[in-house]
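In: next one to model:
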Amino acid sequence: MSGHSKFANIKHKKEKNDAAKGKIFTIIGREIAVAVKEGGPDPANNFKLAQVIAKAKANNMPNDTIDRGIKKAAGDVGNVNYEYVTYEGYGPNGIAIIVDALTDNKNRTAANVRSAFTKGQGSIGTQGCVSFMFDKKGQIIIDKEECDMEADDLMMTALDAGAEDFAEEEDSFEVITDPENFEEVRKVLEEAGISMLSAEVTMIPQNYVELSDETAIKNLQKTLDLLDDDDDVQAVYHNWDE
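Out: Purely as a prediction, here's the structure:
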């Protein structure tokens, strides 16, 4: 059992305010549209769509909202013009940051992301400059308060389903999977009645970096807040040990 769940940070981000929740739904709506365009409206035959639906459910998006989004995307495929783009760079003290965006205007997004790094005294780097410090993994976060299953039983259920690792933190459980096994593990936990706070394929740092300098912390937080507030930004990954 090992890992570093960052549950408190995830919970803080998701509960920051109603606007943040609205942004999450907008982000997921865009992801649904792109997934449907690329692989069709049936999640049984569209792995990417199945992943987005799992993310939607983990964020408490109502089923009818998900269904409407899929139907709308299926009838509007020709008009979906979003594309994925990833930026890599450094925050204060060399903190590694990866930014995933989904945009209909790459020039606008690039300018906004660069500005966020600059305002926090960081810098954009080249593709691959920090991504080697992260592992792409399926990650499922379960709030202890919402889980009735004993820790050992939950761990065995997850590992038997194909999970790579299981960690118990102070206020959460974390299940780590290979990206290819993520959907199967998620489905097994869902069928077992496990409520998931977060369920998605993500980038997990191989090592975390602590910051003690208050100015560096303030600057890094400025960059992260600006990126969180950008409508084009889908996800931000970093190796800061908060």
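In: could you tell me which residues within the longest strand seen in the chain count as buried?
Out: Longest strand of the chain, by residue count under DSSP state E: strand 134-143. Burial within strand 134-143, assessed by neighbour count using 16 or more other CB atoms under 10 Å, is assigned to 134, 137-143. Glycine gets a C-beta too; all of them are placed from N, C-alpha and C.
In: next structured bit after it?
Out: helix 151-160 (DSSP states H and E).
In: what helices or strands is that next one leaning on?
Out: With contacts taken as 3 or more CB pairs under 8 Å, 6 or more residues apart in numbering; DSSP states H and E, helix 151-160 sits against strand 165-168, strand 172-177, helix 182-191.
In: with mean pLDDT added, can I get those in JSON lines?
Out: Formatted as JSON lines, the helices and strands packed on helix 151-160 follow (pLDDT from 0 to 100):
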{"stretch": "strand 165-168", "mean pLDDT": "94"}
{"stretch": "strand 172-177", "mean pLDDT": "95"}
{"stretch": "helix 182-191", "mean pLDDT": "92"}
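In: out of those, which gets nearest to residue 236?
Out: strand 172-177 (18.7 Å; CB to CB).
In: packing partners of that closest one?
Out: strand 134-143, helix 151-160, strand 165-168, helix 182-191.
In: give me the contact list for that strand.
Out: 3-5, 7, 137-144, 147, 151, 154-155, 158, 162-167, 185, 189, 197, 204 (CB atoms under 8 Å, 6 or more residues apart in numbering).
In: repeat that for stretch 65-79.
Out: Here stretch 65-79 has contacts from 25, 28-29, 32-33, 35-37, 40-41, 49, 53, 56-57, 80, using CB under 8 Å, 6+ apart.
In: got the contact list for the residue nearest to residue 146 when sequence neighbours are not counted?
Out: Nearest residue to residue 146 in three dimensions, chain neighbours excluded: residue 195, at 4.5 Å (CB to CB, 6 or more residues apart in numbering). Contact partners of residue 195, counting by CB under 8 Å, 6+ apart, are 142-143, 146-147.
In: quick one, domains of this protein?
Out: Per the record, the chain has its domains at 7-79, 83-132+207-238, 135-205, by automatic domain parsing.
In: pLDDT wise, what is residue 242 at?
Out: pLDDT for residue 242: 78.
In: okay then, goodbye and thanks.
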